[in-house]
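Student: got a predicted structure here, sequence first:
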Amino acid sequence: GAGVSQSPSNKVTEKGKDVELRCDPISGHTALYWYRQRLGQGLEFLIYFQGNSAPDKSGLPSDRFSAERTGESVSTLTIQRTQQEDSAVYLCASSLMGDGNGYTFGSGTRLTVV
Amino acid sequence: AQRVTQPEKLLSVFKGAPVELKCNYSYSGSPELFWYVQYSRQRLQLLLRHISRESIKGFTADLNKGETSFHLKKPFAQEEDSAMYYCEPNAGKSTFGDGTTLTVKP
């Protein structure tokens, strides 16, 4: 597609439930990133995929968080047993490594845990 | 590790005044620096990149290797510039700065 697409745009879930967030990067972008943005705060790096290399999971806050990416296409971020502190906007971005054009961000998924 | 520091979390100026959002970096090698902007209720988007030496929406940013800085400047701020601004050290895996919220008052 023309841009990075994320779904759903909004998700309200009950504490303790699992949620799955989806990101469709720009076709041909080998790198994909997930960030978390809490209200009024900056970006918090979560995980990074680059081609077929092992993902960099160093930003995942706990083992309740996991992410997968199939090849150079769709990625899903899964949060198990959600907690209220997981409430945030989850942003996905993709980039074509090495071209110096920076990231393209999706519009994010606003997750609210009640 | 590539790191950037944005020392000001909040910055407020009056319309028509000059504005400078600070960004300092600390790492070796040739830096590739970017500024991103997030307007209210819009997605985060690339504003400008130092390699192209461009001016976008009146903003410029010069890489100063001596001071290890990449400050974002605009001579005459407009109300529509009110947004959150992030400095970012590379298009690869990196950590964004904490961001600066700019408010331009009428």
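Tutor: Perfect, thanks for sending it. Numbering: from 1, shown residues only, chains lettered A, B, ... in the order given.

Student: got the residues of chain B near chain A?
Tutor: For chain B, the contact set with chain A under CB under 8 Å from any CB of the partner chain comprises B:32, B:34, B:36, B:43-46, B:49, B:51, B:86, B:88, B:91-99. In this view, the C-beta of every residue, glycine as well, is placed from N, C-alpha and C.

Student: show me the contact partners of the least confident helix or strand in chain B by mean pLDDT.
Tutor: Sorted by mean pLDDT, DSSP states H and E, the helices and strands of chain B end with strand B:3-5, the least confident at a mean of 83. Taking CB atoms under 8 Å, 6 or more residues apart in numbering or on different chains as the criterion, the residues outside strand B:3-5 that touch it are B:23-27, B:33, B:70, B:87-89, B:95-97.

Student: among the residues you listed, the buried ones, what's the PyMOL command?
Tutor: Typed into PyMOL, the line below selects the buried ones among the contacts of strand B:3-5, using 16 or more other CB atoms under 10 Å in any protein chain shown:
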select buried, chain B and resi 23+24+25+33+70+87+88+89+95+96+97
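
Student: where do the strands sit along the chain?
Tutor: I'll assume chain A. Using DSSP state E, the strands of chain A run over A:5-7, A:10-13, A:19-24, A:31-37, A:43-50, A:65-69, A:75-79, A:88-95, A:104-105, A:109-113.

Student: I was after chain B.
Tutor: B:3-5, B:10-14, B:19-21, B:24-26, B:34-38, B:45-49, B:60-61, B:72-74, B:83-88, B:100-105.

Student: show me what the closest residue in space to residue B:49 that isn't next to it in sequence is bridged to.
Tutor: Counting by CB to CB, 6 or more residues apart in numbering or on different chains, residue B:34 is the residue found nearest to residue B:49 once chain neighbours are left out, at 4.8 Å. Beta-bridge partners of residue B:34, counted by DSSP bridges, are residue B:49, residue B:88.
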